[in-house]
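*Asks:* have a look at this fold, sequence not included:
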Ligand code: ADP
């Protein structure tokens, strides 16, 4: 294979058409998603606490309390919801905030749940006010109120549900209304994964995918995976394509690093969009402070995309800081791009 066609293959993979990417993700996630608590790597505090709650609920033969999972995308919230159902030996019905347009959409789902079943609502902060209020009595007393007829003939009928457990997931707890938040009994926040935990996940995924990968290569992918298992698995899949086409049987550090470089994933794990955000802050705003709206407008991106998927890791890894006057690039960010840092951080 020529250098040029290899390059095309790598670039092509990066921009595969969305449909194909989505289908690949589904297939990949089904096989790589941990299904038992014992297979869930990392997040030790959450796992330990969850174990106690699961055991206690099982001993009492009661459904679990409602659980709110928060944290950036790709850290395992959906996986945990499925694991909870598996460990409680119950069924799970999954939906998401934006998918439930009217309260009526929920009636069928709720009335079909059996005792102890899990209702998983992803992006729960995006539920409409009306749907949210419809959920309150379902969460509190396992009841829903139907309104039949209109105007002066309108009547409310109460309908009893089987005791259920609502598992909500959100990338931003701050956007959850106080009454909804108050109806959850258990809160878990998932944080970015350590390189050690990520390399364990990568080795496990590689085994599932039938790849031969050495320790150093796994660590290199882990270092560049933005602390996120979903990213780690995606990078691993790209490396698998590369190795397959080039007939490389064992993934070592050199193969992993070279593929990641060619994919545009730099040593800090940043991809093109991360670099665009940082460069914009450094070059156009002289390191900030700059508001997230200005960043989004300059990049032609949604504010939510920056706030949910880009900013959290940059903050966690110490490349930007949040101040009352906006986001500020840190010394680390300047150094990453080889730009001289002349500010005094204390000013912010
Ligand atoms: P979220 O719902 O937070 O966006 P997911 O649960 O969909 O994240 O996780 C994305 C993918 O990352 C999963 O399909 C799984 O392959 C992997 N993953 C997430 N957390 C873990 C973990 N703790 N151990 C192993 N794999 C994980």
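*Replies:* Cool, got the structure. Quick caveat, the model's predicted, so the values are computed rather than measured.

*Asks:* domain parsing for this structure?
*Replies:* 44-189, 195-262, 272-336 (automatic domain parsing).

*Asks:* tell me the residues of the stretch 51-200 of the chain that contact the ligand?
*Replies:* Proximity of the stretch 51-200 of the chain to the ligand, by Cβ under 6 Å from any ligand atom, involves residues 73, 74, 75, 76, 77, 78, 79, 169. C-betas here are computed from N, CA, C, even on glycine.

*Asks:* circling back: among the domains of the chain, which is the most enclosed?
*Replies:* domain 195-262 (a mean of 19; mean count of other Cβ atoms under 10 Å).

*Asks:* any idea how far apart the tips of it sit?
*Replies:* Domain 195-262 has an end-to-end distance of 21 Å (criterion: Cα to Cα, to the nearest Å).

*Asks:* quick one: mean pLDDT for that domain?
*Replies:* Domain 195-262 shows a mean pLDDT of 96.

*Asks:* and for stretch 59-73?
*Replies:* Mean predicted confidence for stretch 59-73 is 96.

*Asks:* could you dump the residues of the stretch 51-200 of the chain next to the ligand to a markdown table with distance to residue 183 and secondary structure?
*Replies:* Below are those laid out as a markdown table (distance: Cβ to Cβ, whole Å; DSSP: H, G, I helix; E, B strand; the rest coil):
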| residue | distance to residue 183 | secondary structure |
| --- | --- | --- |
| 73 | 24 | coil |
| 74 | 26 | coil |
| 75 | 23 | coil |
| 76 | 23 | coil |
| 77 | 18 | helix |
| 78 | 21 | helix |
| 79 | 23 | helix |
| 169 | 15 | strand |
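
*Asks:* return the member of those residues nearest to residue 318.
*Replies:* Comparing those against residue 318 with Cβ to Cβ places residue 75 closest, at 18.5 Å.

*Asks:* wait, doesn't that closest one sit right on residue 229?
*Replies:* Yes: using Cβ atoms under 8 Å, residue 75 is in contact with residue 229, at 6.7 Å.

*Asks:* shared neighbours, those two?
*Replies:* Contact criterion Cβ atoms under 8 Å, 6 or more residues apart in numbering; residues shared by residue 75 and residue 229: residue 193.

*Asks:* most distant residue from the middle of this structure?
*Replies:* Relative to the centre of the chain, and counting by Cα atoms, centre = their mean, the farthest-placed residue is residue 152 at 46.4 Å.

*Asks:* model confidence for that one, exactly?
*Replies:* Taking residue 152 on its own, its pLDDT is 85.

*Asks:* what secondary structure does it sit in?
*Replies:* helix (DSSP: H, G, I helix; E, B strand; the rest coil).

*Asks:* list the contacts for residue 268?
*Replies:* 224, 317, 319, 336.

*Asks:* how much space is there between the residue in the stretch 1-150 of the chain that the ligand sits nearest to and residue 147?
*Replies:* The nearest approach of the stretch 1-150 of the chain to the ligand comes at residue 76, 2.8 Å away (Cβ to the nearest ligand atom). For residue 76, the distance to residue 147 (Cβ to Cβ, to the nearest Å) stands at 38 Å.

*Asks:* residues contacting the nearest residue to residue 314 once chain neighbours are set aside?
*Replies:* In space, and not counting its chain neighbours, residue 314 is closest to residue 320: 4.7 Å by Cβ to Cβ, 6 or more residues apart in numbering. With contact set as Cβ under 8 Å, 6+ apart, residue 320 has these partners: 278, 281, 288, 311, 314, 327, 328, 329, 330, 333.

*Asks:* you'd agree the first one is up against residue 311?
*Replies:* No: Residue 278 sits out of contact with residue 311 when judged by Cβ under 8 Å, with a separation of 10.8 Å.

*Asks:* span of stretch 278-289 from start to end?
*Replies:* So stretch 278-289: terminal residues 12 Å apart, Cα to Cα.

*Asks:* ok, stretch 140-151 next?
*Replies:* 28 Å.

*Asks:* just stretch 205-217 next, same as before
*Replies:* Using Cα to Cα, the two ends of stretch 205-217 sit 13 Å apart.

*Asks:* so who does the closest residue to residue 228 other than its chain neighbours touch?
*Replies:* Among residues not flanking residue 228 along the chain, residue 74 sits closest, at 4.4 Å (Cβ to Cβ, 6+ apart). Shown in contact with residue 74 (Cβ under 8 Å, 6+ apart): 228, 229, 230, 231.

*Asks:* contacting residues around the residue positioned nearest the centre of the chain?
*Replies:* The centroid of the chain falls nearest to residue 73 when counting by Cα atoms, centre = their mean (1.7 Å). Contacts of residue 73 were listed using Cβ under 8 Å, 6+ apart, and they are 171, 228, 230, 308, 309.

*Asks:* how close does the third one get to residue 247?
*Replies:* Residue 230 sits 28 Å away from residue 247, going by Cβ to Cβ.
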